[in-house]
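Novice: Please work out how this folds:
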Amino acid sequence: MLGPYSSGMTKAIAPVSEKFGVPMVEAEGASRSLFTQGYKYLFAVLSTSEQYLATAIDFAAAKSSDPKSVRIALAFEGDPFSMDVRAGVMDKINEYGMKVVIDDQLPADLSDMSTTLTKVKALKPDALIISGHSKGAATAARQIDEMKVNVPMIALTHCEAAKVQEKFPKTANGFLCPTQWVETLSKSDPMFGSAADWNAGFKADYPSYTSVPYQSAQASAAVYVFKEAFEAANSFDKDKLRDAISAVEMETFYGDIKFSAQGNNIAKPMFMRQIDASGTYGLVEKAGDMVYPRNVAY
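Specialist: Below you'll find the model as predicted:
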């Protein structure tokens, strides 16, 4: 099977494909919990939710001469997705031995995080990490602007959905924002060529798109994995196909793909982009590409 759209749909279908031993390659279910159930027939090409902001912690460590001295402030919604994101961030923080100086849960309506930001102004952490979907991102950007909060690094999910670069251009300057894929990625493969080649091909075939959604890119990557596994197995036997999928290890225009024993892709990180003063998102592939500290003067 090729998987459906969303974690919710994938969660509904995975037990059924598992029961009947049908391998499923999916591209649109990111929830970490999909890969803690012991499924043997589920494989995902996309980065799972715990990876969304983990790379920002790597960047913070790389910018410090002593990662253990880095002080982190956290503000997360209490929903399952954001808790997955937080779990990945905490894993990285613990790996580096960093110190969490603020660990707040955002209010249920996501309309006010001034309490957290007051503490941020007082404690002056090195990085502020936020996940509250698009409403939380908009609230964060608005109140960071209103309260003139200046932190060397700010990373948050759902930047584009919240249009923070349009609504709050000054304060969004320097924000780090995760994405599954970008067309400027330096990855390629024999079938699609480079990320830019795939992007151009998609736009040529579907000219109504001015910006190609990453969901389409990862769907193509899932079909590519399907193809490779069928050719390697040279069989319609479900278990042979399952074993062939699990053995896939390849570079694609979408990123590297290698599956863990749990079925998630452990070779592709979430990619980070940084918003510049013009509101443009620029790919940050390594810490040296990042503007640090954020260049915002209040």
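
Novice: From the chain's centroid, how far away is stretch 93-107?
Specialist: 19 Å (C-alpha atoms, centre = their mean, to the nearest Å).

Novice: CA atoms only for it, dumped as CSV, please.
Specialist: Extracted in CSV, the C-alpha atoms of stretch 93-107 (Å, rounded to 0.1, in the frame of the first residue of the first chain):
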residue,chain,number,x,y,z
ILE,A,93,19.2,19.2,25.1
ASN,A,94,20.0,16.2,27.3
GLU,A,95,22.5,14.9,24.7
TYR,A,96,24.5,18.2,24.9
GLY,A,97,23.9,18.7,28.7
MET,A,98,22.3,22.1,28.1
LYS,A,99,20.2,23.8,30.8
VAL,A,100,16.5,24.4,30.4
VAL,A,101,15.7,27.7,32.2
ILE,A,102,12.1,28.0,31.2
ASP,A,103,9.7,25.1,30.4
ASP,A,104,6.2,26.5,29.9
GLN,A,105,3.0,25.0,28.4
LEU,A,106,1.2,27.5,26.3
PRO,A,107,-2.4,28.4,27.3
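
Novice: May I see the buried residues of it?
Specialist: By 16 or more other C-beta atoms under 10 Å, the buried positions in stretch 93-107 come out as 93, 96, 98, 101-102, 104, 106-107. All C-beta atoms are positioned from the backbone trio N, CA, C, and that covers glycine.

Novice: any chance of the residues you listed in a markdown table, with pLDDT, secondary structure and distance to S188 too?
Specialist: Shown next, in a markdown table, are those (pLDDT from 0 to 100; DSSP: H, G, I helix; E, B strand; the rest coil; distance: C-beta to C-beta, whole Å):
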| residue | pLDDT | secondary structure | distance to S188 |
| --- | --- | --- | --- |
| I93 | 98 | helix | 34 |
| Y96 | 98 | helix | 32 |
| M98 | 98 | coil | 35 |
| V101 | 98 | strand | 42 |
| I102 | 98 | strand | 41 |
| D104 | 97 | strand | 42 |
| L106 | 94 | coil | 39 |
| P107 | 90 | coil | 45 |
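
Novice: from those residues, which is closest to K11?
Specialist: Distance to K11 across the buried residues of stretch 93-107 (C-beta to C-beta) is lowest for L106, with 24.2 Å.

Novice: Can you tell me the centre-most residue of the chain?
Specialist: Geometric centre of the chain, nearest residue: Y52, 3.2 Å, by C-alpha atoms, centre = their mean.

Novice: I figured that residue was touching R86, is that so?
Specialist: No. The criterion here is C-beta atoms under 8 Å, and Y52 misses it with R86 at 9.7 Å.

Novice: residues in contact with stretch 286-298?
Specialist: 58-59, 62-63, 148, 150-154, 170-171, 173-176, 272, 274, 276-277, 282-284 (C-beta atoms under 8 Å, 6 or more residues apart in numbering).

Novice: redo that, cut-off 7 Å
Specialist: Residues from elsewhere that reach stretch 286-298 (C-beta atoms under 7 Å, 6 or more residues apart in numbering): 59, 62-63, 148, 150, 152-154, 170-171, 173-174, 274, 284.

Novice: what's the answer for stretch 177-186, then?
Specialist: Taking C-beta under 7 Å, 6+ apart as the rule, stretch 177-186 contacts 46-47, 52-53, 156-157, 159-160, 195-196, 199, 212, 214, 217-218, 254-255, 270-273, 275, 281, 283.

Novice: Can you give me the buried ones in it?
Specialist: For stretch 177-186, by 16+ other C-beta under 10 Å, it's 177-183, 185.

Novice: next one: stretch 105-122
Specialist: 106-107, 110, 113, 116-117, 120.

Novice: Please convert these to CSV, extending it with distance to A127 and secondary structure.
Specialist: CSV is the format used below for the buried residues of stretch 105-122 (distance: C-beta to C-beta, whole Å; DSSP: H, G, I helix; E, B strand; the rest coil):
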residue, distance to A127, secondary structure
L106, 17, coil
P107, 22, coil
L110, 21, coil
M113, 16, coil
T116, 14, helix
L117, 14, helix
V120, 10, helix
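
Novice: tell me the pLDDT at R142?
Specialist: R142 carries a pLDDT score of 97 in this model.

Novice: Can you name the helix or strand that it falls in?
Specialist: helix 133-146 (DSSP states H and E).

Novice: contact partners of that helix?
Specialist: 77, 106, 110-114, 117, 130, 132, 156-159, 161-162, 164, 167-168, 170-172.

Novice: And V149, how far from K286?
Specialist: 26 Å (C-beta to C-beta, to the nearest Å).

Novice: May I ask which helix or strand of this structure has the lowest mean pLDDT?
Specialist: helix 159-162 (a mean of 86; mean pLDDT, DSSP states H and E).
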